[in-house]
Structures are given as structure tokens and as C-alpha cells.
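1. quick one, what's the 3D model for this:
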Amino acid sequence: MPSQYIIKAKKIIDQERIDRIKEFYKNEYRPDATIPLKFRFIKSFMFDENSGLFIWRSLHTLLNKRRFNENKLREDIIKAIDLGFTPIRIFHSVSNWLAPNEIRYTKSQNGRLLNSGLFVLESDKNLKTSIEVAAKISQIYSNHKLYLVFSGNRSIHVWFSDFDFTQIIKNPTLLDNEKDDLKARRKFFYKLPTDLPARLDPQTSIDSRRVVPIIGTLNGFTMKRVTLLKELMDEEQIQIQSKVN
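-> Here you go, the predicted model:
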């Protein structure tokens, strides 16, 4: 059964759009250094020109790299394009891992979690509701270091950049950081206020192996840039700020 991404891509991603995505990364894209990528795994939903298929690939596997540098990501993306792989969307893990190139997306593949990295909340019901949710969370947790990130589609992510499982779990084992991290994420999530404008998904919020779109990259479905917002704004302003040339 094809994933929803593949079904959607087959409907709207044509050669003209693929060429436009390539042009964006070669001429317009500028990496954002807000989130260090050294210990994060990078995955992408891509069009493989060699097979004519839409696929998910780890950039670590594709480019045979153990770690990535956020300041040189443009060069790596162009290498992938030159190999025939055009990124429709690009993501990084919320958590930091000792060997990010060895991480797969389920617990069946072992990996050594270094630290929590980010805790991410969002509502993807629609952009208007997502803005309302982000505003409420930002108000309640104003004592945290937060980043507001437009996904390029219909949601505003609230990234808690100071999330640390060792500050939430009283007696962390430190033998299985991922287990402790999951406990901390679950505990934090279920202490969220219940009067938010929309329900949040616990499964994605709690997942230590969750991935989020990389700031500055392109959402190839909407042709909008994943944008770090200095402050919350209305829908129209967000669409203008995330527009590509």
C-alpha cells in the first residue's frame, strides 16, 4: 500500500515542479543554523529520476555520510540532486543520536540517544487553528526557549529547544536514554492544559524518533518555505513570508 505522501505526490508533482525544486536548492536555498544537525538523522521524501519513483531515503545512506553540518546542507542536497534524487521534503530528527547514520525509524533498530533535543507540539487541523494553538502554548510556556516554525503547509510547530529529560525524570537510569526520554515526553505531554483550541496527537508528540521539517527547506507539495517565525502572525502574513521567488 503506497503511503499518503506517494499518493499525493503522484497527483501534483510533475516535471515542471521537480525542475523548480531543483532551481530553488541550487539558487535560492540558504541553510539555517538555528538547529545543529551534527547528531540528528536526516531523511527525505524524494523523486528518484533513476527509477521514476517517489521514495523515502536517508540522506546518510544516499550520500554515505555519518553526520551532517547545517551550514553545508545546501552542498549535500545539490549532490543528491546531481545523483538524480530531488527532495520534495527534508526532515531532521528531534533528538540527538551518537551515530545518526545508524538510526532507523523504529525502536527495533538500536541507537544511542545523546539528549532530547527538541519537544515539538503542533495542530495540523488548519493554519488558523494551528496559529491559535501555538499562541496559547507560547503564552503558557513563555519561560521556555521556544521556536515557532511554519511547516510550509497548514501548521505552526512550537519547538521547545530546552527540553531535557534529565530535568523531568527524577532518577534517570542513563543506561537507556531513549526509554527515559520517552517517559519524560509522555509526562510533559499529559501535563499540557486541556483547554487548547484543538486536540494534539500524543503519538507524534511523544515519539523520540520523530522527524520535523528542516528550517529553510522547501515543502515541495505547496512550494512554501519552512520558515522560522520571529513572532506569530496571521495566515496571510505567514504565506507571504514563506513564499519563494
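2. which of the residues in stretch 49-69 are buried?
-> Neighbour-count burial for stretch 49-69 flags 54-55, 57-60, 62-63, 65, 68 (criterion: 16 or more other CB atoms under 10 Å). In short, each C-beta sits where N, CA and C put it, glycine included.
3. kindly list the longest strand within this structure.
-> Ranked by residue count under DSSP state E, the longest strand found in the chain is strand 85-93.
4. kindly export that one (C-alpha atoms) in PDB.
-> Extracted C-alpha coordinates of strand 85-93, given in PDB (Å, rounded to 0.1, in the frame of the first residue of the first chain):
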ATOM      1  CA  PHE A  85      17.300  12.400  -6.300                       C
ATOM      2  CA  THR A  86      15.200  15.600  -5.900                       C
ATOM      3  CA  PRO A  87      14.000  16.300  -2.400                       C
ATOM      4  CA  ILE A  88      10.300  17.000  -2.100                       C
ATOM      5  CA  ARG A  89      10.600  17.400   1.700                       C
ATOM      6  CA  ILE A  90      13.600  17.100   4.000                       C
ATOM      7  CA  PHE A  91      13.400  16.300   7.700                       C
ATOM      8  CA  HIS A  92      15.700  16.000  10.800                       C
ATOM      9  CA  SER A  93      15.200  14.100  14.000                       C
END
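5. where's the residue minimising distance to the centre of the chain, which helix or strand?
-> In the chain, the C-alpha nearest the mean C-alpha coordinate belongs to Val212, at 1.2 Å (CA atoms, centre = their mean). Here Val212 is covered by strand 211-213, with elements defined by DSSP states H and E.
6. and if you look at Ile6?
-> Applying DSSP H and E, one finds Ile6 within helix 4-12.
7. after that helix comes which helix or strand?
-> Once the chain leaves helix 4-12, the next helix or strand it forms, by DSSP H and E, is helix 15-23.
8. contacts for that next one, please.
-> With CB atoms under 8 Å, 6 or more residues apart in numbering as the test, helix 15-23 has contacts from 47, 81, 86-88, 218, 220, 223.
9. filter those residues to the buried ones?
-> 47, 81, 86-88, 218, 220.
10. could I get those residues in TSV, plus columns for distance to Leu200 and pLDDT?
-> Formatted as TSV, the buried ones among the contacts of helix 15-23 follow (distance: CB to CB, whole Å; pLDDT from 0 to 100):
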residue	distance to Leu200	pLDDT
Phe47	31	98
Ile81	35	98
Thr86	32	98
Pro87	28	98
Ile88	26	98
Leu218	26	98
Gly220	26	98
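11. can you list the low-confidence ranges for this protein?
-> For the chain, the stretches with pLDDT under 70 are 1-2, 105-110, 174.
12. which residues sit against the longest strand of the chain?
-> With contact meaning CB under 8 Å, 6+ apart, strand 85-93 is reached by 5, 9, 13, 18, 21-22, 25, 35, 37, 40-49, 54, 57, 59, 62, 77, 80-81, 100, 103, 117, 209-214, 217-221.
13. now with 7 Å, please.
-> 9, 13, 18, 21-22, 35, 37, 40-49, 57, 62, 77, 80, 100, 103, 209, 211-214, 217, 219-221 (CB atoms under 7 Å, 6 or more residues apart in numbering).
14. of those, just the buried ones, PyMOL syntax please.
-> Buried residues within the contacts of strand 85-93, by 16+ other CB under 10 Å, are selected in PyMOL with:
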select buried, resi 9+13+18+21+22+35+37+40+41+42+43+44+45+46+47+57+62+77+80+100+103+209+211+212+213+214+217+219+220+221
